[in-house]
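> Just need the structure, nothing else, for what follows:
(chains A and B)
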Amino acid sequence: MKIIHCADLHLDSKMTSNLTKEKARERKAELLNTFDRMLRYAVRNQVEAIIIAGDLFDTKTVSASARNAVRDGIVNHPGIQFFYLKGNHDAESFLDSLEEMPDNLKLFGEAWTTYTLADGRIAVTGVELNRENAGSIWTDLTLDRDRFNIVVLHGQESESEPSDGAEYINMRKLKNRGIDYLALGHVHAYRLEQLDGRGKYCYPGCLEGRGFDECGRHGFVLLDIDPGTGLFGQEFVEAACRTLYTLAVDVAGCMTTYEISERIRACLDRAAIPHDSLLKLVLTGEVDVECEKNSEYLVKKFEPEYYFLKISDETTLKVDYGAFALDESLKGEFIRLVEGAGELEPQQKADVIRCGLRALAGEEPD
Amino acid sequence: MRLLGCHIENFGKLKDFTLSFEDGCNVVCRENGWGKSTLAAFIKVMLYGFEEEKARDDLKNERKRYRPWQGGVYGGRLEFEAAGERYVLTRTFGTKEKEDSFSLRKKDTNLECRDFSQAVGEELFSLDRASFCRTVFVSQNDCETASTDAINAKIGNLTDATDDMNHYEDVNQRFLSLLNQMSPARKTGSLYKSRDEISRLEEKVRAGRSVDQAIEKLSESLHEKRREQNALKEEQALLTKKQQAIAAYKDIQVKREQYKSLCQEFQERKEQAGAQRAYFPAGVPEKRRLEEAAARSTRLSAAKETVQIYDMSEEEIRRESYLSELFGEDCPDQETLKLQEERLDSMQELRVMLAGNRLSQEERERLDDCRSRFAQGVPELWEFERVISDWNECVERRNVLAQKKLTYEALQQISRAGSTREGSRRGRGTGRKAIGSVCLAVGLLLLAYGVFHALAGKNPPALAAITAAAGFAVLLMGGALFLRGRGTGVKDVSRDPEAAGDGSLEQMGRQIAEDEAFIERAGSETKRFLERYGTAWERESEILDCLYGLKAAVREYITLAKREEASAQSRQEEQYRELAGEVKAFLEKYFPEEELDESAFGSKLAWLKEAAGEYAALKKKRGNLSSARETCRQLNEWLEAFLGELSMTPEPDLQAQLMGIRSHLQSFEDSLRELKAAEERKEAFEAAEDIEELLRYEPAENTQALQEVTGRLEEIAGRLEQLCEYMADDSRRLDELRAESDQTAEEAERLSALQESYERDCRKYELIKTTRDYLERAKISLTARYTEPVRTGLVKYYGVLAGEDAGRILVDANAGVTVDELGMQRQPRFFSAGYRDMIGVCMRMALVDAMYREEKPFVIFDDPFASLDGSKLEGALKLLRQFGREYQILYFTCHESRALRPDFT
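Numbering: from 1, shown residues only, chains lettered A, B, ... in the order given. Below is the predicted model of the structure:
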């Protein structure tokens, strides 16, 4: 039996942190399309169940288009069982909006709820964590070890028991409980680990990366379970229509924007990042305090090559104090004075020197 | 660096002025208004261009101020030496800067060069205009000075490596501006605004938390309602199931009843059909056979009726016997009888004809008379017509002729009387009037006579008409004459009545003559006609009757003659006898014993005909009766056999019996049909329903609970509806709250972004502030390092000028000068003008010393010592002389006392 495990779809996410309004709208639509693509994949591959391990939506208020897309997706695929466990982002508004609960939509509550598949040989058990049940819920979990047990949770894995965290999952208390596959949600990057001698736990990550903290491949996990033997295989299926990349470019020693641009070009050529990607370039390395560096120019230069591009300047300044030791100009005097300033940290000194020198050169401070 | 000379084409009041300069001190001592300051200004303008060009005040606007008073080319030439090279700078000025011209040539080669641009002063002195005016150019009444960036730069940049000091003030200003823009303390500062916005957003986000609480509370409430709703729905589903089960049992009950009814109906129909079947002991007859039997029975009834109809009475039998005996085998048929009748008719006709043509005695006598009368010929009838017509016209004309003649005579008299009167017009008129009156009277009489006779019918109509017409004509003529007689003075008209009267008279005369001739001719012809046939009359009035009598006699004669002729020529009697013989022979066959007279032929034949007819009718009746009786017999036999087949005894009224059988058969067939239909219905029901299940089904629920269940379902429906409304309200409110919460989330996001940006800007602000601080400190540190040479120079020059120690004059790192006076450093502006000038001149010279340690520039003094007293003036001149040893000086003064004397060395 094939089951899809997905989580953190964050449909209706505003996507405005990096993008313009137009592109944010486009990405929002792409998010819905990716959900739809996952459903089509499920149909093509005879998937019988889809586990949504929380954060199906991003906001408390769900837009009509997102609501309808999900509702229609569920209703129009009656052959697929949807196990939807609400996450910390999910609100009741979606469920409230449903006039009639589709037969193939299975929900979980604040207590352990179990559904079975494959004539009872596969059990899908889940609970929605909150402040009240997060501490005590683990002892209530009872699983039939003869079944293939899938446990669905939404939260951050933890080896300890935080005092107030509803979103934390005490992994220690889930070990050796007969879990074959712990389907988790909350962490936005794919992760598969061994839970104990019997089972594994997995975060499928989000379907689409939204910010540069969600770079890399995104999609869902396809489980292929043999209900008879309890053996299963899992496969990460990439579903995102765009990928976010963060690329560090070492520009140490560059003295001009042109030199930096050349370094970036070389780096991009090596990385061969698809042009429909969202890219963040991080400039690193130590540059001379008098380095001429125009980030705006660099953005304008490389921006047209990608769906989105931003540059983060994380370079440090190098000041050659020795070069100014005998400089009798105001600049020399200034650098010597700053160098000797005990109240300033080295990086502060570098920043002050760069700011002063840029000003004396007729440029605005960075 | 030194000035070699200058030539002024036109500049202010100076025109075509040339001056050469030597090394050392060049004194220009001229009276007031000569143009010394203009000359100094010329040199400055040649080096730096005009100042305050945009000022409207002509005094401030140098381009306007030094515009040539006499017109001509505005500008001149300046020759100078720098770095060992001699240059000729030529400039002309227009009304605007773009109209200016600039030329720099090397004096030795007279070739243009680009060693200096138009900013020649700045390049030559490494000073901007302001710094130039504060140091090298000492203008009248402006001896005070202060350090500028350029001065500091010039002092500080001893190595000439950079000119960063030149930008310090700009940088400082820019930093200040940025700090002001970003100021966290000023309301207009971006950091202040950001902080403000952050506070606002923080407040909103704080307030948003209560929204989250409200959402939580409302969500809980909504959940509670949903739970109740779900519970109610579950109960509703159960109850609905229960209700359906009860309803289903009811349905089954109804079906059971239905099935029972169907079975019962089937059984009833079956029994009914069996009963109907029992009526036919020998089997159910075929409908066709029964129909045939019915038809035969109908025919039997008809045959019986026929027998009744043709049944013969005793009299008829007797008559039949008698007639049979009479006619035997030879009963005359209709044709024979008809032939005899026709013969009889022909005899009758012949008898009549024979009787008609035979003349009586009287007729014979009259025929004889006529023969004698018309012995000479019988006149034709058309002749009578003509003679009668002529005679009638003759009589008419004769009757009118008398009146005509009377009128004619009267008219003749009138005409004659008219023609004899030849008088005056009056007289003639009177005459005409009289004639006219007479004519009117005569005309009226004639007209009245004619009308009377026409109406009375006494005279023939033609005569009456003629009389009336004549009367009318005379009346018209009389009228005309009368009217003309009344007229006077119309000469021609008087002749016309006469002419008219003459014409009519003549015509009348002709008519009278014609009438008389006609009367004569017609009268004589008529009389001759009558006489020819022996007719006599006594009076003319009898003639017409005589004519008609004659005509009647002719007609009678012709008729009688024809009858006589016909009678004489006839074979009719012979025919008559032949016919009579034939008829008699015929009749004798049937009446052999009777003596048959012709007169009895008709009656005998009629009797015979009647008897023959009667005999034929009786024979026909006899035939019909026999035939009907035979039919009855055959049908009876068939029907009895048919009933025998049915094992039924024939009843007297077979038709009624058969009708009854048919009715039974119909009923039986109807029963069969109904039985079949009932069976089909039953079978259809059995096919549609599981009969075993139907009969086996027992209700799971108490049917009595249906009412309770329905009641509870209604309650649930009501509550669910209520819950739906509440939940809709809650959802609406929840949506609103969620929207608010999302808004808060957005604002929190904005707050976070704003805080980040604020922190970044704060860091930038601090960075700028720190940078500015360090830059200022660097600048002070740098300038302080070169304050000492300036102060040394100041002390030196002040000692020469004032003849006293300059110990109490202090110079700060910014080249600012203060004077320690009474224990406090005071600004020079608090001192007298002379003192200020002394300090200013000395400070300028000290600055120049400090700035130009290698190539010394020329210095311009435009009468700077005017405010000094005598003792100080001596010192000032001494200072000039000393300064002139190192520098080329252009010294302008207006007074000899302030001029350098040659002996003063």
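> What residues of the helix or strand harbouring residue A:74 count as buried?
Per DSSP states H and E: residue A:74 is located in helix A:64-75. By neighbour count on 16 or more other Cβ atoms under 10 Å in any protein chain shown, the buried set for helix A:64-75 is A:66-67, A:69-71, A:73-74. Glycine gets a C-beta too; all of them are placed from N, C-alpha and C.
> Find the nearest non-adjacent residue to residue B:668, please.
Spatial nearest neighbour of residue B:668, chain neighbours left out: residue B:276 (3.8 Å); criterion: Cβ to Cβ, 6 or more residues apart in numbering or on different chains.
> pretty sure the one you found is in a helix, no?
Yes. With DSSP: H, G, I helix; E, B strand; the rest coil as the criterion, residue B:276 is assigned to a helix.
> burial count for it?
Neighbourhood size, residue B:276 [other Cβ atoms under 10 Å in any protein chain shown]: 20.
> Send over the helix holding residue A:74 as CSV, restricted to the C-alpha atoms.
C-alpha atoms of helix A:64-75 as CSV (Å, rounded to 0.1, in the frame of the first residue of the first chain):
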residue,chain,number,x,y,z
ALA,A,64,-11.5,31.0,-0.5
SER,A,65,-9.2,29.8,-3.2
ALA,A,66,-7.0,27.8,-0.8
ARG,A,67,-10.0,26.4,1.1
ASN,A,68,-11.7,25.4,-2.2
ALA,A,69,-8.5,23.9,-3.6
VAL,A,70,-8.1,21.6,-0.5
ARG,A,71,-11.8,20.8,-0.2
ASP,A,72,-12.1,20.0,-3.9
GLY,A,73,-8.9,18.0,-3.8
ILE,A,74,-10.2,15.9,-1.0
VAL,A,75,-13.8,15.5,-2.4
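> tell me how far it is from the chain's mean position?
The chain centre lies 23 Å from the centre of helix A:64-75; the measure is Cα atoms, centre = their mean, to the nearest Å.
> Packing partners of the following helix or strand past that helix?
The helix or strand immediately downstream of helix A:64-75 is strand A:81-85, counting by DSSP H and E. With contacts taken as 3 or more Cβ pairs under 8 Å, 6 or more residues apart in numbering or on different chains; DSSP states H and E, strand A:81-85 sits against strand A:47-53, strand A:105-107, strand A:113-117, strand A:122-126, strand A:148-154.
> Verify the contact between residue B:685 and residue B:258 for me.
Yes. Using Cβ atoms under 8 Å, residue B:685 makes contact with residue B:258 at a distance of 6.8 Å.
> neighbour count winner among those two?
Taking neighbours as other Cβ under 10 Å, residue B:685 and residue B:258 compare with residue B:685 leading, 17 against 14.
> so who does the more buried one touch?
With contact taken as Cβ atoms under 8 Å, 6 or more residues apart in numbering or on different chains, residue B:685 is in contact with B:258-259, B:262, B:691.
> just to revisit the earlier point, got a list of contacts for the helix holding residue A:74?
A:11-12, A:32, A:35-36, A:39, A:56-57, A:82, A:93-94, A:97-98, A:102, A:104-105.
> if we go to 7 Å?
Applying Cβ atoms under 7 Å, 6 or more residues apart in numbering or on different chains, the contact partners of helix A:64-75 are A:11-12, A:32, A:35-36, A:39, A:56-57, A:82, A:94, A:97-98, A:102, A:104-105.
> about what we covered before: which two among the buried residues of helix A:64-75 are spaced furthest apart?
Maximum pairwise distance among the buried residues of helix A:64-75 (Cβ to Cβ): 12.8 Å, between A:66 and A:74.
> so where's the stretch 51-200 of chain A uncertain?
The model of the stretch 51-200 of chain A has pLDDT under 70 over residues A:60, A:92-93, A:162-165.
> Let's see that with 90 instead.
A:58-68, A:88-101, A:130-139, A:158-168, A:170 (pLDDT under 90).
> how close does residue A:338 sit to residue B:721?
Look at residue A:338 and residue B:721: by Cβ to Cβ, to the nearest Å, they are 78 Å apart.
> So between those two, which is more surrounded?
Neighbours were tallied for residue A:338 and for residue B:721 using other Cβ under 10 Å; the higher tally belongs to residue A:338 (25 against 10).
> The more buried one and residue B:773 touch, don't they?
No. The pair residue A:338 and residue B:773 does not pass the contact test of Cβ atoms under 7 Å, sitting 10.0 Å apart.
> all helices in the stretch 151-300 of chain A, in order from the N-terminus.
A:257-271, A:295-302 (DSSP state H, counting those that start in this stretch).
> do you know which of those lies nearest residue A:343?
helix A:295-302 (29.0 Å).
> Would you mind listing the buried residues in the helix or strand following that closest one?
Sequence-wise, the next helix or strand downstream of helix A:295-302 (DSSP H and E) is strand A:308-313. Along strand A:308-313, these residues count as buried under the neighbour rule (16+ other Cβ under 10 Å): A:308-311.
> starting at the chain centroid, how far to whichever strand or helix holds residue A:29?
Here residue A:29, judged by DSSP H and E, is contained in helix A:21-44. Distance of helix A:21-44 from the chain centroid (Cα atoms, centre = their mean) equals 16 Å.
> the inter-axis angle of that helix versus strand A:308-313?
Calculated by axes from the mean of the first three to the mean of the last three Cα atoms, to 10 degrees, helix A:21-44 forms an angle of 120 degrees with strand A:308-313.
> and helix A:21-44, what other elements does it pack with?
strand A:2-6, helix A:64-75 (3 or more Cβ pairs under 7 Å, 6 or more residues apart in numbering or on different chains; DSSP states H and E).
> mind checking which of the ones you listed is nearest residue B:55?
helix A:64-75 (67.4 Å).
> All the strands of chain B, residue numbers only.
With DSSP state E as the criterion, chain B has strands at B:2-11, B:14-20, B:25-29, B:75-82, B:85-92, B:101-106, B:111-112, B:137-138, B:809-811, B:817-821, B:824-826, B:858-862, B:888-893.
> ok, and which of those strands has the densest surroundings?
Sort the strands of chain B by mean neighbour count, taking mean count of other Cβ atoms under 10 Å in any protein chain shown, and strand B:137-138 sits at the top with a mean of 26.
> Now it: average pLDDT?
The pLDDT scores in strand B:137-138 average 84.
> what lines up beside that strand in the sheet?
If you go by DSSP bridges, strand B:137-138 pairs up with strand B:858-862 (parallel).
> Now the strand it pairs with: average pLDDT?
Averaged across strand B:858-862, pLDDT comes to 88.
> any idea of the angle it forms with strand B:75-82?
Inter-element angle recorded for strand B:858-862 and strand B:75-82: 130 degrees (by the same axes, to 10 degrees).
> coming back round to it: rebuild the helices of the stretch 151-300 of chain A as a markdown table, extending it with mean pLDDT.
Listed next are the helices of the stretch 151-300 of chain A as a markdown table, based on pLDDT from 0 to 100:
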| stretch | mean pLDDT |
| --- | --- |
| helix A:257-271 | 95 |
| helix A:295-302 | 94 |
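> which stretch among the ones you listed comes nearest residue B:757?
Using Cβ to Cβ, the helices of the stretch 151-300 of chain A put helix A:295-302 closest to residue B:757, at 16.1 Å.
> is the closest one anywhere near chain B?
No. Residues of helix A:295-302 contacting chain B under Cβ under 7 Å from any Cβ of the partner chain: none, with a closest distance of 13.9 Å.
> one step back: and which of the buried residues of strand A:308-313 is nearest chain B?
residue A:310 (14.3 Å; Cβ to the nearest Cβ).
> my read: the closest one touches residue A:17, true?
No. Assessed by Cβ under 7 Å, residue A:310 is found out of contact with residue A:17, at 10.5 Å.
> Distance-wise, check the residue in the stretch 301-450 of chain B that chain A sits nearest to relative to residue B:600.
In the stretch 301-450 of chain B, the residue that lies nearest chain A is residue B:301 (83.2 Å; Cβ to the nearest Cβ). When distance is defined by Cβ to Cβ, residue B:301 is 50 Å away from residue B:600.
> and what of residue B:815?
Distance, residue B:815 to residue B:600, by Cβ to Cβ: 202 Å.
> who has more neighbours, these two?
The residue with more neighbours, out of residue B:815 and residue B:600, is residue B:815; 24 against 15, by other Cβ under 10 Å.
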